[in-house]
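Trainee: The following comprises the amino acid sequence and a computationally predicted model.
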Amino acid sequence: MLRVLGHRRRLAALAAGTAAVLAGLLLPAAPTAQAAPVQQTRTATHGWTGTWATAQHAAYDPGTSEVTVRIPVRVSAGGSSVRIRLTNDFTTEPVTIGHATVGLREGGSAVTKPRKLSFGGKSEVTVPAGAQTASDQVRLTVPALSDVVVSLYFPSQLTHISQHWMGLQTVYWTSDGGGDHAGDADGGAFTRTDSTFPFLTGVDVRGGNAAGSVVALGDSITDGASSTTNADRRWPDYLATRLSACTTTAGALNEGISGNRITAGTDGNPSALERLERDVLTQPNTRTVVLFEGVNDLSWGGATGDQVIDGMKEIARRVHARGMRLIGATVVPYRGWGDWWTEAKEADRQKVNAFVRDSGGNLDGYADFDRAVRDPDDPTRYAAAFDSGDHLHPNDSGMKAFADAIDLPGLRVARDCPSTRVRLTPYRPSLGTGGQGTKITATLTNDGPTTATGLRTRLELPDGWTAEPTGGARVRTLGPGQSATVTWTVTPGSDTTWGTHPLGVRTSYHQNGRPRTDADEVDATVTPVPSGVQAPYRTTATTDDAQFAQNGDQFAIWAGGQDLSGWKDEKAAVYLPRAAPAAGSVTARVVGQTGSGPSAKAGIAVANDLTAPEKGGYAVLTMSAQFGLEFLTDSDGDGRLDTWAGGGSSYHPAWLKLVRDGTAYTAYASADGTAWQQVAAATVPSASGDGDAGLVASAVNLNYPGQTTTAVFDSFSTTK
């Protein structure tokens, strides 16, 4: 539940949420007896408009048979009928689909009343290697920005899968031999997951209010690299949200492929020129293309600025020959991304961007993505607010900035679009419980030619939070080209859980005689503040800088310490005396660990007496950035952790479990708390009776003097 705060401190309950979208599709090669034909021209689309798509570009051997896959996708434009498109482009063998359905997502892998799909009137379709096909129309009301689920059953051996590998979306599979579950409403049969889009290349709608679609042709940035998984926060998703607010809307199709270039391609990743016909020019009812490529060509691809420009001109010629518009996007800064940046390459980037901004008629307009995210103090780099951390790919806020940089009227597709926007900053605010509050600012901008009147701006807060207006005038009108700000000091409730919480803002206004709204949302992180722990929990530390906090079932530990094995035992712990049973388990979830070197450890600890490990039974199971899972035990009862097992990659959140049977200890780990993998087993001869059980952290800062670590846990339990 969210609370809404107006500039005059009006409070009311509202629900908040941000939807986002992605899109695109492919058209088929020559039809077969089994595969329904699809026309190759843009005009022969029979009223279909693309609402979602992805660029298939590689294949793999799954080594499975008689399986069903369930693929959720977020559509852009809505309609009253739907069809899907499938491709087998990148395989060497035909694929048979015995049963296919489509429906609206209920949640997770569940579907509301899945509708059976047919292909040329038949339930089964075989798609030859290198071919594509489309289903027949099925009546289904598809709201804009909704989740549609496509289910495909493969009745025989599945030798190869044509795929788009970076889906950034959970895709659900049955187990090998699981059978036909395409028609299931519930998702119980789908026990395996991955994040690639298999065979599905497009979803089309008809009967809606879309005037056409916009295709985003790009590389990994368009593909969504570094945006939040399962959140639909790629820049074409944000563009789809903006388009959905227009009176006449448009589909937004994402044809990004990670590593894509204009000037050259590779096996499994054809160049933008090579895939232009397949991924762009044959999309149903496409009106405009946004070209956002070039950074891979200039950085590691070895191309010159002139070569990139020549490629853009060729794309423009071919796009215009089909009667479509082409909007160019400037190449983003990338200094700091590995060792790829040089002064000479920067000069080429500036040359390409100068062409995009003034193309002499080759382009029909441009979106200045470079200007939207660059650091004003160093234009060769991303601004910190938009940088994901690798200095090439934007974070979610950067993705939103790209979508905001696109002039909707210039796309010439959607009509009567809102031109006044509201955006919150900071983009990722950090707030402490019990602190003095954090300033949150809403910036309103009118990019349109007419005045916006009657503006009302409200801040949306989680229950128990407070906000006080602290700056900015009361904004009621906003003229063309004007902007204004409103600022609040926001304080979380004292019992707010640590972690991410949504903060939203909503603005309503009138423009051109119509009521309009716009909204924005940011992820606010609530961080723990040292405050101690409550009984029956206790603390112990062998470092001078240890601090602790408890918030219900959540715990935080701040700790230094040179090491936690062998010659040193420097740590801080929150523990329960006599809670580690002689036969039973200790389980905890490590949410995250920050602020120290790569060897810092956080996890669970047991001992006969955690305040005096030399009394025996000492064992620790932790996660560290450098070494992954680490299972440390004391083999001789001297209070030193002298045995080690584990390894693998580091991940958070991490579920950790120690199972004890007398002196036999077994360590387990899990990413979801359900599927457990054994790390190792060890004997701890000095263990006796019930011991202490707790949460532990150490900075392991021998090579990082003075550093401390902050470890956050949100689950801790013991069982007999």
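Mentor: The structure has been received and is ready for your questions.
Trainee: so who does the residue lying closest to Gly259 once chain neighbours are set aside touch?
Mentor: Leaving aside its chain neighbours, Gly259 sits nearest to Asn269 (5.6 Å; criterion: Cβ to Cβ, 6 or more residues apart in numbering). Bear in mind the C-beta positions are built from the backbone N, C-alpha and C, glycine included. Applying Cβ atoms under 8 Å, 6 or more residues apart in numbering to Asn269 gives the contacts His57, Ala58, Ile257, Gly259, Asn260.
Trainee: where along this protein do the helices fall?
Mentor: With DSSP state H as the criterion, the chain has helices at 220-223, 235-244, 272-276, 295-299, 305-321, 343-357, 369-373, 396-404, 408-411.
Trainee: Reformat the ones you listed into JSON lines and put mean neighbour count next to each item.
Mentor: Shown next, in JSON lines, are the helices of the chain (neighbours: other Cβ atoms under 10 Å):
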{"stretch": "helix 220-223", "mean neighbour count": "25"}
{"stretch": "helix 235-244", "mean neighbour count": "29"}
{"stretch": "helix 272-276", "mean neighbour count": "21"}
{"stretch": "helix 295-299", "mean neighbour count": "25"}
{"stretch": "helix 305-321", "mean neighbour count": "18"}
{"stretch": "helix 343-357", "mean neighbour count": "18"}
{"stretch": "helix 369-373", "mean neighbour count": "21"}
{"stretch": "helix 396-404", "mean neighbour count": "25"}
{"stretch": "helix 408-411", "mean neighbour count": "20"}
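Trainee: Any chance of a markdown table for those helices, columns distance to Phe190 and mean pLDDT?
Mentor: What follows is the helices of the chain, written out as a markdown table (distance: least, Cβ to Cβ, whole Å; pLDDT from 0 to 100):
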| stretch | distance to Phe190 | mean pLDDT |
| --- | --- | --- |
| helix 220-223 | 25 | 98 |
| helix 235-244 | 24 | 98 |
| helix 272-276 | 31 | 98 |
| helix 295-299 | 35 | 98 |
| helix 305-321 | 40 | 98 |
| helix 343-357 | 44 | 98 |
| helix 369-373 | 37 | 98 |
| helix 396-404 | 27 | 97 |
| helix 408-411 | 38 | 96 |
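Trainee: For Gly597, which of those helices is the nearest?
Mentor: helix 396-404 (27.9 Å; Cβ to Cβ).
Trainee: Out of the contacts of Asn269, name the ones that lie in strands.
Mentor: Within the contacts of Asn269, residues falling in strands by DSSP state E are Ala58.
Trainee: Quick check: the two most widely separated of the contacts of Asn269?
Mentor: Ala58 and Asn260 (12.1 Å).
Trainee: Just want to know which of the two has more residues nearby.
Mentor: Asn260 (28 against 16; other Cβ atoms under 10 Å).
Trainee: What's the local residue count around the residue nearest to that one when sequence neighbours are not counted?
Mentor: Once flanking residues are discounted, Asn260 sits nearest to Asp219: 4.2 Å by Cβ to Cβ, 6+ apart. When neighbours are defined as other Cβ under 10 Å, Asp219 has 24 of them.
Trainee: what do you get for Thr229?
Mentor: Going by other Cβ under 10 Å, the residues that sit close to Thr229 add up to 12.
Trainee: Next, count neighbours for the closest residue to it other than its chain neighbours.
Mentor: Here the nearest residue to Thr229 in space, its sequence neighbours aside, is Leu168; by Cβ to Cβ, 6+ apart that works out to 5.0 Å. Residues near Leu168, counting by other Cβ under 10 Å, number 21.
Trainee: ditto for the one 5 residues further on
Mentor: Here the count is done by other Cβ under 10 Å, and Trp173 has 22 residues near it.
Trainee: now the one 4 residues further on
Mentor: Residues near Gly177, counting by other Cβ under 10 Å, number 9.
Trainee: And it, what's its pLDDT?
Mentor: At Gly177, the model reports a pLDDT of 96.
Trainee: related to what we said a few turns ago, distance of the residue nearest to Gly259 relative to Asn296?
Mentor: 10 Å (Cβ to Cβ, to the nearest Å).
Trainee: what's the answer for Arg381, then?
Mentor: Going from Arg381 to Asn296 by Cβ to Cβ gives 18 Å.
Trainee: Kindly report the same for Asp416.
Mentor: 37 Å.
Trainee: Does Thr248 touch Leu411 like I think?
Mentor: No: if you go by Cβ atoms under 8 Å, Thr248 and Leu411 don't touch, sitting 11.7 Å apart.
Trainee: what residues are up against the residue nearest to Asn260?
Mentor: Applying Cβ under 8 Å, 6+ apart to Asp219 gives the contacts Gly256, Ile257, Ser258, Gly259, Asn260, Arg261, Phe292, Glu293, Val295, Asn296.
Trainee: out of those residues, who's nearest Val696?
Mentor: Nearest to Val696 out of the contacts of Asp219 is Ser258 (Cβ to Cβ; 38.9 Å).
Trainee: Per-residue pLDDT of the residue nearest to Asn260, please?
Mentor: You'll see Asp219 listed with a pLDDT of 98.
Trainee: joint contacts of Asn269 and Asn296?
Mentor: Common contact partners of Asn269 and Asn296 (Cβ under 8 Å, 6+ apart): Gly259, Asn260.
Trainee: Okay, now the unreliable bits of the stretch 351-500 of the chain?
Mentor: Where the stretch 351-500 of the chain drops to pLDDT under 70, the residues are 434-435, 471-473.
Trainee: Now with 90, please.
Mentor: Counting by pLDDT under 90, the stretch 351-500 of the chain has low-confidence residues at 428, 432-436, 470-475, 493-495.
Trainee: Right, I'll leave it there.
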